[in-house]
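[1] any chance you can model this:
(chains A and B)
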Amino acid sequence: MSSPVRITNSAPKPNWVSTRNPCKACAPLGAALVMRGIEGAIPFLHGSQGCATYMRRYLISHFREPMDIASSGFSEASTIFGGGANLHQGLGNVTSQYHPGLIGIATTCLTETIGEDVHGMLHDYREKNPGAENPVLVHVSTPSYSGTHIDGFNNAVRSVVEQLAEAGAGTGAYAGNFVNLFPGMVSTEDLRFLKEVTADFGVPMTLFPDYSETLDGPSMLKYEKIPGGGTPIAALRATPSADASIEFGRTLRTKNTAASFLQEKFAVPAKRIGLPIGVHESDAFFTTMEELTGKPTPGKYNQERGRLVDAYVDGHKYLFGKRAIVFGDEDLVVGLASFLAEIGVVPVLCASGGKSGALTRSIAEVTSHASHCNGKIMVREGIDFMTIAEETALNEFKPDFLIGSSKGAKLARALGVPLIRVGFPIHDRIGGQRILHLGYRGAQRLFDLVVNTLLEVKQDSSSIGYSYL
Amino acid sequence: MVDILRERERQVYRKGQETSFQLDCEKQSVAGSVSQRACVFCGSRVVLYPIADALHIVHGPIGCASYTWDIRGALSSGPELHRLSFSTDMQEMDIVRGGEKKLYAALCELIDEHHPKAAFVYATCIVGVIGDDVGAVCKRVSMEKGIPVLPVHSDFNLAGETWIIRDYYARMGVQVVSCITGDGRIDEIRRAHGAALNVVQCSGSMTHLAKNLKDKYGIPFIRVSYFGLEDMSKSLYDVARHFGNKEVMQRTQSIVREELDRAMPLLAEYRRALSGKRAAIYVGGAFKAFSLVSALRLLGMKTVMVGSQTGNKEDYEQLRELCDEGTIIADDSNPLELSTFLEEKEVDVFIGGVKERPIAYKLGIGFCDHNHERKEALAGFEGMVNFAREVYGSVMSPVWQLTPRKRAGTLEVVR
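    Next up, the predicted model:
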């Protein structure tokens, strides 16, 4: 069978040194998001004040929720003499103001470069501040010059699990008969959906991280210092007692994942599947759930699948051969490529700012069933938006639409084609955090959106003004 | 009551509670306080951002460029080079071996591609630590490419405000030589020393520049505010008075009269609805807060809390004089303090920036963006009408009736 992927990460021409309109953010941002998904936790950046403020602003503009990130507030003096004193003062002040159950500390490029021994500093802090009332401290190394926000996210998931997991910690609800689910960076609506699925299967689940409530909460009478919700710390301690771990992400690097850590150290079987977007990848997810629980998929999901396939049939003529440029976080791009290929669209360019080294292989895997894509897909890692624009012109991609974060809006405008907003960040529309991407239900919403977007273009650009389409 | 950090106790003041007024300010933010401030890089990036025909490149890891890409509402009447985000996107090996070569190559390729009038190189905090000689790279590229390349170690044309103000000056018969930095151009900035007067709006950085221009070129300067009817009128009169020209003054008087005649009936309507409502203000520079307090007063509203990220002693003294008894004044505040002030003072509308918005919304309180990201022009006479309309639109929205705040006491609140 011929490969659907025509060009594999060919060097762009010309080969730019600079990054022009980035298609990624930096590692500590992903780590801060993970820490926000732990119950009673507050994220803390060891570095300059500006980093915390910038990341808050970036996250607030997507989630439209308060997002407090503390900082050790580095000054010139702390850069020269070390930031231990600042870190200790900061931890003390956060504790007295927020009364957190956990403080999740992420480093930044500055503190990594001067070689701060955060592990040792936290050890000293614990010795000076003994007592059960003090918050649990976890830390993750996230130098901003290495990887993207997704690497920061995945490293934080693994670091938190590594530092909290205890053999035999699982008692009561966490004694056994449950699964760990590490979904990666998905929306709050996706997280709620995953909780619904596992509840319907009748399996207790430790979902980590879980910012479904902490970053999408109700209107409040009183300001919550730390919003309710999040993965309980007790559940994180008990992860080694799980029957199995599921992790989403075909491009994950084994050394970075929490599930592989639990498998190596505690022999918890790890099951890695793609982000369940579209029918094929969702089938893999439900099959995995069936295998792990020994129970059939609840009827409601079979019905959702049936309706989705019925909709695919209804809409297939509007889509066949349409061309899409897909960009964003690598595993989201893989999931979207799988979905687009199965509905008859050609994802002519699959691009990400990330550089896992596994994107090309993953795209080839998920599009292998779609012969209409044969030889028509270009995959590019480590890309920025101006390179996407140049490749689009050079290869005459002539896309019918773009699908990805709101950072592609300028490009879509320049190309005169619609942008279908998914993933992160969505800074120019409301409700980005509530987009459902996963499962048959998520695919149904994406499908209707894609078809209707194309129909709108057709209707608006036609001189006839069709009433039926 | 808010548990204000011990280190910050002297940075919060309630008017009328103490006899002597001494608010601590211009201090480094306390570690662990979730300050709303950013960093030095951010300050220079935001100030220089509107210079539309220059190349702006961030030398550092990618985050600093991602988070400042197109963040301001600054508009340009022509080139839009400032709206692109360029970065050296430093990787681990650049940190180990130094980033000078990469910076040199990046600058050369981008200047060749875009032909800017000048280039600004923003050195992020890490660049100083690894010891890159950014100045030397800039000098070399400047020589080779024949344009100014300026290292930035470390006002504005929001929503077309510069154009509104330029129009007033044109009608007065005053020539605007250069506008720094709103809708700015490199050639205009190079002409700036030929002006007869510098008019400084708002920020500390521009006052600093004006002082330099005064020392070096002997150009006098005046500080003005283009926000609110009174301050806007006063600004135009101050400029007219400076030139001592009878015709200019007469034209100014007729402009002010005309504009006020247009604005007042509209404002009267908003005032009827907003009278007695309570406002809170938290802004970057304190200078903006003075005008906001007066503007809100014109709408019949009471400012019950006011604060800034970077105000100085004189700013806060002036605010204290301007405010009513009981008003809270805070320097370098944080979300926990701000949320407590909003609750305690039963605020109807909070005026601030993007980071303050979710605090207000979460508590079911109206909000008006007065920061550099906004898209609505708030300067000038028509800006005051826009401001009033936005405050009115937020305060009078029916959505608040559904929030726990408004329903408290009538229905049991969940959670």
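[2] please make it C-alpha for all contacts and neighbour counts, starting now.
    Noted.
[3] helix, strand or coil: sort out residue A:138 for me.
    What DSSP: H, G, I helix; E, B strand; the rest coil gives for residue A:138 is strand.
[4] the residue nearest to it when sequence neighbours are not counted pairs with what?
    Nearest non-adjacent residue to residue A:138, counting by C-alpha to C-alpha, 6 or more residues apart in numbering or on different chains: residue A:104, 5.1 Å away. Per DSSP bridges, the residues bridged to residue A:104 are residue A:43, residue A:138.
[5] isn't residue A:104 up against residue A:141?
    No: Residue A:104 is not in contact with residue A:141 according to C-alpha atoms under 8 Å; the separation is 11.1 Å.
[6] tell me which of the two has more neighbours.
    A direct count of neighbours by other C-alpha atoms under 10 Å in any protein chain shown for residue A:104 and residue A:141 places residue A:104 higher, at 25 against 22.
[7] could you look up the next helix or strand downstream of the helix or strand residue A:313 falls within?
    Residue A:313 belongs to helix A:299-319 when assigned by DSSP states H and E. Using DSSP H and E, the helix or strand that follows helix A:299-319 in sequence is strand A:323-327.
[8] who are the contact partners of the closest residue to residue A:109 other than its chain neighbours?
    Of all residues not flanking residue A:109 in the chain, residue A:143 sits nearest, at 4.5 Å (C-alpha to C-alpha, 6+ apart). Residue A:143 makes contact with A:27-28, A:107-110, A:112, according to C-alpha atoms under 8 Å, 6 or more residues apart in numbering or on different chains.
[9] which residues of the chain score low on pLDDT?
    Reading this off chain A. For chain A, applying pLDDT under 70 flags the ranges A:1-14.
[10] my bad, chain B
    Scanning chain B for pLDDT under 70 picks out B:1-2, B:18-20, B:73-74, B:154-160, B:181, B:202-205, B:372-375, B:408-415.
[11] ok, now with 50
    Scanning chain B for pLDDT under 50 picks out the ranges B:155, B:410-415.
[12] now do stretch B:171-178: distance from first to last residue.
    17 Å (C-alpha to C-alpha, to the nearest Å).
[13] got the contact list for that stretch?
    With contacts defined as C-alpha under 8 Å, 6+ apart, stretch B:171-178 is touched by B:166, B:169-170, B:184, B:188-189, B:191-192, B:194-195, B:240, B:248-249, B:251-252, B:255.
[14] quick check: next helix or strand after the lengthiest helix in chain B?
    Longest helix of chain B, by residue count under DSSP state H: helix B:246-274. Following helix B:246-274 in sequence order, the next helix or strand is strand B:278-283 (DSSP H and E).
[15] that next one and chain A, are they touching?
    No: Strand B:278-283 is not in contact with chain A by C-alpha under 8 Å from any C-alpha of the partner chain; minimum separation 14.5 Å.
[16] got it, and stretch B:35-49?
    Yes: judged by C-alpha under 8 Å from any C-alpha, stretch B:35-49 and chain A are in contact via B:35-40, B:42.
[17] in helices only, show me those residues.
    Residues of these located in helices (DSSP H): B:40, B:42.
[18] most neighbours among the residues of stretch B:35-49 next to chain A, which one is it?
    The most crowded member of the residues of stretch B:35-49 next to chain A, judged by other C-alpha under 10 Å, is residue B:36 (26 neighbours).
[19] tell me which element the residue of the stretch 51-200 of chain A found nearest chain B is part of?
    Closest contact between the stretch 51-200 of chain A and chain B, by C-alpha to the nearest C-alpha, is at residue A:90 (3.7 Å). Using DSSP H and E, residue A:90 sits in helix A:84-98.
[20] over to residue B:303?
    If you go by DSSP H and E, residue B:303 is part of strand B:302-308.
[21] what's that strand packed up against?
    Applying 3 or more C-alpha pairs under 8 Å, 6 or more residues apart in numbering or on different chains; DSSP states H and E, one finds that strand B:302-308 contacts strand B:278-283, helix B:287-298, strand B:328-331.
[22] swap the cut-off to 10 Å and go again
    strand B:12-14, strand B:278-283, helix B:287-298, helix B:313-322, strand B:328-331, helix B:335-344, strand B:349-352 (3 or more C-alpha pairs under 10 Å, 6 or more residues apart in numbering or on different chains; DSSP states H and E).
[23] chain center to the fourth one, what's the gap?
    Yep, that's helix B:313-322 we're talking about. Put simply, helix B:313-322 sits 18 Å off its chain's centre (C-alpha atoms, centre = their mean, to the nearest Å).
[24] number of residues surrounding residue A:398?
    Around residue A:398 there are 15 residues (other C-alpha under 10 Å).
[25] quick one: it from chain B, how far?
    23 Å (C-alpha to the nearest C-alpha, to the nearest Å).
[26] check contacts around residue A:89.
    A:72, A:83, A:95, A:125, B:30-33 (C-alpha atoms under 10 Å, 6 or more residues apart in numbering or on different chains).
[27] adding mean neighbour count, write the helices and strands packed on strand B:302-308 out as CSV.
    Below are the helices and strands packed on strand B:302-308 laid out as CSV (neighbours: other C-alpha atoms under 10 Å in any protein chain shown):
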stretch, mean neighbour count
strand B:12-14, 20
strand B:278-283, 25
helix B:287-298, 21
helix B:313-322, 16
strand B:328-331, 25
helix B:335-344, 19
strand B:349-352, 25
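[28] need the ones you listed in TSV with distance to residue A:267, can you?
    Shown next, in TSV, are those (distance: least, C-alpha to C-alpha, whole Å):
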stretch	distance to residue A:267
strand B:12-14	55
strand B:278-283	53
helix B:287-298	60
helix B:313-322	62
strand B:328-331	53
helix B:335-344	43
strand B:349-352	52
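[29] for residue A:183, grab the count of nearby residues.
    Neighbours of residue A:183 under the rule other C-alpha under 10 Å: 23.
[30] go ahead and confirm it touches residue A:192.
    No: in this structure residue A:183 lies outside contact range of residue A:192 using C-alpha atoms under 10 Å: 11.6 Å.
[31] what do those two both touch?
    With C-alpha under 10 Å, 6+ apart, residue A:183 and residue A:192 have common neighbours residue A:210.
[32] okay, now residue A:137: neighbour count?
    Neighbour tally, residue A:137, other C-alpha under 10 Å: 20.
[33] what does the one 5 residues further on give?
    With neighbours defined by other C-alpha under 10 Å, the count for residue A:142 comes to 29.
[34] residue contacts, it?
    Contacts for residue A:142 were tallied using C-alpha under 10 Å, 6+ apart; they are A:26-31, A:45, A:105-109, A:111-112, A:148-149, A:151-153, A:155-156.
[35] the residues you listed in helices, which ones?
    A:27-31, A:109, A:111-112, A:149, A:151-153, A:155-156.
[36] got the domain ranges for chain B?
    As assigned by automatic domain parsing, chain B contains the domains B:6-32+B:274-404, B:40-153, B:161-259.
[37] just to revisit the earlier point, hey, what's in contact with both of residue A:104 and residue A:141?
    Shared contacts of residue A:104 and residue A:141 (C-alpha under 10 Å, 6+ apart): A:31, A:156.
[38] need the three-state assignment for residue A:353.
    coil.
[39] now the strands for the stretch 1-150 of chain A?
    Assigned by DSSP state E, counting those that start in this stretch, the stretch 1-150 of chain A shows strands spanning A:5-8, A:19-20, A:41-46, A:70-71, A:102-107, A:136-140.
[40] quick check, the residue in the stretch 201-350 of chain B closest to chain A?
    Ranking the residues of the stretch 201-350 of chain B by distance to chain A (C-alpha to the nearest C-alpha) places residue B:339 first, at 6.2 Å.
[41] so that residue versus residue A:245, what's the distance?
    Separation of residue B:339 from residue A:245 (C-alpha to C-alpha) stands at 40 Å.
[42] again, but for residue A:115
    According to C-alpha to C-alpha, residue A:115 and residue A:245 sit 34 Å apart.
[43] alright, calling it a day.
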